[in-house]
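S.K.: return a 3D structure for these sequence lines:
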Amino acid sequence: MVLDKRYIMKILIIDDDPSVTDLLRLILAPTLAEIQHACDGEQGSGLVREFKPDIVLLDYMLPGIDGLETTRQIRKVTKAPILILSVLDDPLTLAKALDAGADEYLTKPVSRGVLIAQINNLVRRYSEKSMDHSPLKVSWQTALQ
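M.R.: So this is what the prediction gives:
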C-alpha cells in the first residue's frame with residue numbers, strides 16, 4: 001500500500017459548546033484532517049500560533065473574548081481563513097464578522113456537505129499550501145443529510 005504524501009489539512013475549532021465541538025469532530029472525522037480544539041478565544045489565539053492551522057472554525061459567541069475580537073487577534077498572526085459558525089442569522093452580525101477579518105460566515109445548523117465544501121473552497125483560495133492539499137472528502141449521499 002502506497003501512502004499519499006500530500007499534506008493533511010489542519011483545522012482549528014474554537015467553540016465553547018462541547019456538543020458543537022463533538023459534532024464538528026464527528027462530521028470531519030472521515031476526512032482525516034488533523035483537528036485541534038480551543039474552548040475560548042484566548043486559548044484559540046494561542047493555539048493558532050502553535051498549531052498553525054490551515055483554517056479556523058470559530059464560534060461567534062464565545063465567553064470572555066468574543067468571536068470578533070478573537071478574529072482580530074488571529075488576523076495579527078496568520079492569513080489562514082476564518083470561517084465563523086453562529087446561530088445568529090443577522091446581516092449586521094455577518095457584516096461585523098467580515099469587517100473584523102473573517103472570510104466566511106455560516107449560520108448553524110449547517111449541513112455536512114455545505115461545511116466541507118466551504119472549508120475546501122476557503123483553503124483552496126487562501127492557502128499557500130493549497131496545491132499540496134488533498135481536499136476533504138465526503139460522500140454526497142450522506143452529506144445532504
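S.K.: CA atoms for contacts and neighbours, from now on please.
M.R.: Noted.
S.K.: contacts only, for the spatially most central residue of the chain.
M.R.: Closest to where the C-alpha atoms of the chain average out (Cα atoms, centre = their mean) is L57, at 2.3 Å. The neighbourhood of L57, defined by Cα atoms under 8 Å, 6 or more residues apart in numbering, consists of I11, L12, I13, I14, I82, L83, I84, L85.
S.K.: hmm, 10 Å instead?
M.R.: 11-15, 21, 24, 37, 81-85, 102, 104-105, 115, 119 (Cα atoms under 10 Å, 6 or more residues apart in numbering).
S.K.: helix or strand for it, which one?
M.R.: With secondary structure defined by DSSP states H and E, L57 is part of strand 55-59.
S.K.: how far away from the center of its chain is that strand?
M.R.: 3 Å (Cα atoms, centre = their mean, to the nearest Å).
S.K.: what's downstream of that strand, the next helix or strand?
M.R.: Reading on from strand 55-59 to the C-terminus, the next helix or strand found by DSSP H and E is helix 67-77.
S.K.: quick one on the thing from earlier: give me the beta-bridge partners of the residue nearest to the centre of the chain?
M.R.: When bridges are assigned using DSSP bridges, the partners listed for L57 are I13, L83.
S.K.: read off the pLDDT value for it.
M.R.: Among the per-residue scores, L57 holds a pLDDT of 98.
S.K.: just R75 next, same as before
M.R.: Per-residue confidence (pLDDT) for R75: 96.
S.K.: quick one: contacts for the closest residue to Y60 other than its chain neighbours?
M.R.: In space, and not counting its chain neighbours, Y60 is closest to G67: 4.2 Å by Cα to Cα, 6 or more residues apart in numbering. For G67, the contacting residues are 14-15, 40-41, 58-61, 73, 84-86, 97, 100, 102, taking Cα under 10 Å, 6+ apart as the criterion.
S.K.: now do the buried residues in stretch 106-119.
M.R.: For stretch 106-119, the buried set under the neighbour-count rule, 16 or more other Cα atoms under 10 Å, comprises L106, R112, G113, L115, I116, A117, Q118, I119.
S.K.: run the chain-centre distance for that stretch.
M.R.: The gap between where stretch 106-119 is centred and where its chain is centred comes out at 10 Å by Cα atoms, centre = their mean.
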